[in-house]
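Participant: Provided below are the primary sequence and the corresponding predicted coordinates.
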Amino acid sequence: MKKDTIIVCGTGIAGLACGLGLARAGASVSLLGPRTLPPVLDAQSYHPRVYAISAASQALLDRLGVWRLMDARRITPVEAMEIYGDGDGALDLQAWHDAQQTLAWIVESGEIERALQQAVQVFGVPWVEASFASLNAANHAAGSVGGRAPVHAVHLTTDQGRVMQADLLVGADGARSPVRHAAGIHHHYTPYGDTGVVAHLDAEIPHQHKALQWFTGDSVLALLPMPDTAAGAQVSMVWSLPERRAREFLAMEGPVQQEFLASRVLAITGARLGRLRLRSTPLGFPLSLERSGLVAPGVALVGDAAHRVHPLAGQGLNLGLGDVQDLLNVIQTKETFRRAGDIRVLSRYRRARAEPVLAMSLVTDGLHRVFASQCAPLAWARNEGMRLVDRVPFLKRRLIQAAAGN
């Protein structure tokens, strides 16, 4: 039986994980995209973007042999989470509420990428260092013959003029996905008008492996536990702000920016971690809600190419790794006479992702809208709701299980 040939376009975390998983499953896989090596940092420096890795994502990375390649000293377990409303609402989630040791793990994007690149190289996955340019529409629209999919359902051309063919093209090429556009997969984009500002901070008080989050009405501030440095405790900040305020903050000169952040965050957090000081240059990225049709004949999307959600729940990458896991499952369990790009196979992938993607989109978008509203009755209801959940152990367990990907 001929192996499925698959091209994974995109060499970020989702693309690398997908390519590695498919190769380990026995498919003939090639990666298409730039090979950008994350910078090697010393023990006192950290990559600007971090992710909260859920139990389900950690299990996938472990099965791929990637988790053990990461430096354990740069991984911080989250043992509890405190969430504060814009009134007196508060929610305290502890791992032991669901008989767990850890709610999530905070890991730098660069550390995950480094480990994935190492694993891909060790496993011998071919890597074409070029960019996607176009998709052959005639082959893209091909159907099946005699119950069997065409041997080569997809032809694509790179920016270097190279023509490649495969049974399946996986688009893991980011939120602006050229693959999605070329395949004609519908895409719905809703901007929030907010910017996510990220930076690492020195904390005066130890974080005790707790993730902290505050809804202020017009912003959402999260402080994630990071490894200690020579300066003491460290946290990573994700601060969702209206675009204008974010631009003003990012444009400030160093000392002014430092003082503004210290005073504003101190007021929001009520000095929960004492005085906080910038230890890295703040970066901003626009926030949006995005959904897509996910598949077309011979094409499947994963990660940001498929969907984006508000970062307030920290589940964006976990959703993308969930795509990878479900695509692997569908391809590994398909009938032997069908090719990986058969639309009947890909429709199973779309169905598998429909519920988790919709649920996460509704939760994150709903929370954003509920806490952004200045309506007094709604403000009372949202804080009262947090207090209610905090008093019901069953609801706490369900939240923990959902965050873990269960």
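Facilitator: That came in fine, so what should we check first?

Participant: CA only for contacts and neighbour counts going forward, please
Facilitator: OK.

Participant: where exactly do the helices run in the protein?
Facilitator: Applying DSSP state H to the chain gives helices spanning 13-24, 55-63, 109-123, 137-140, 178-183, 243-251, 254-269, 316-333, 343-372, 376-390, 393-404.

Participant: The lengthiest strand in the chain: which residues count as buried?
Facilitator: For the chain, the longest strand by residue count, based on DSSP state E, is strand 187-203. Buried residues in strand 187-203, counted by 16 or more other C-alpha atoms under 10 Å: 192, 194, 195, 196, 197, 198, 199, 200, 201, 202, 203.

Participant: What is the burial count for the closest residue to residue 58 other than its chain neighbours?
Facilitator: Excluding the flanking residues, the one nearest residue 58 by C-alpha to C-alpha, 6 or more residues apart in numbering is residue 67, at 7.1 Å. By the criterion of other C-alpha atoms under 10 Å, residue 67 has 18 neighbours.

Participant: wait, isn't residue 67 in contact with residue 55?
Facilitator: No: counting by C-alpha atoms under 8 Å, residue 67 sits too far from residue 55 to count as a contact (11.9 Å).

Participant: Next up, the contacts around residue 54.
Facilitator: 103, 104, 105, 318, 403, 404, 405 (C-alpha atoms under 8 Å, 6 or more residues apart in numbering).

Participant: Distance check, the second one against residue 18.
Facilitator: Going from residue 104 to residue 18 by C-alpha to C-alpha, to the nearest Å gives 21 Å.

Participant: out of the two, which sits in the busier spot?
Facilitator: residue 18 (29 against 25).

Participant: The more buried one - nearest residue in space that isn't next to it in sequence?
Facilitator: Using C-alpha to C-alpha, 6+ apart, the nearest residue to residue 18 is residue 324, at 5.4 Å.

Participant: Settle this for me: that neighbour is touching residue 16, isn't it.
Facilitator: No: applying C-alpha under 8 Å, one finds residue 324 not in contact with residue 16, separated by 9.9 Å.

Participant: Could you chop this structure up by domain?
Facilitator: For the chain, automatic domain parsing gives the domain ranges 5-38+50-186+293-404, 190-286.

Participant: Residue 44 is nearest to which of the ones you listed?
Facilitator: For the domains of the chain, distance to residue 44 was read as C-alpha to C-alpha. The smallest value, 5.7 Å, belongs to domain 190-286.

Participant: And for residue 247, the neighbour number?
Facilitator: 14.
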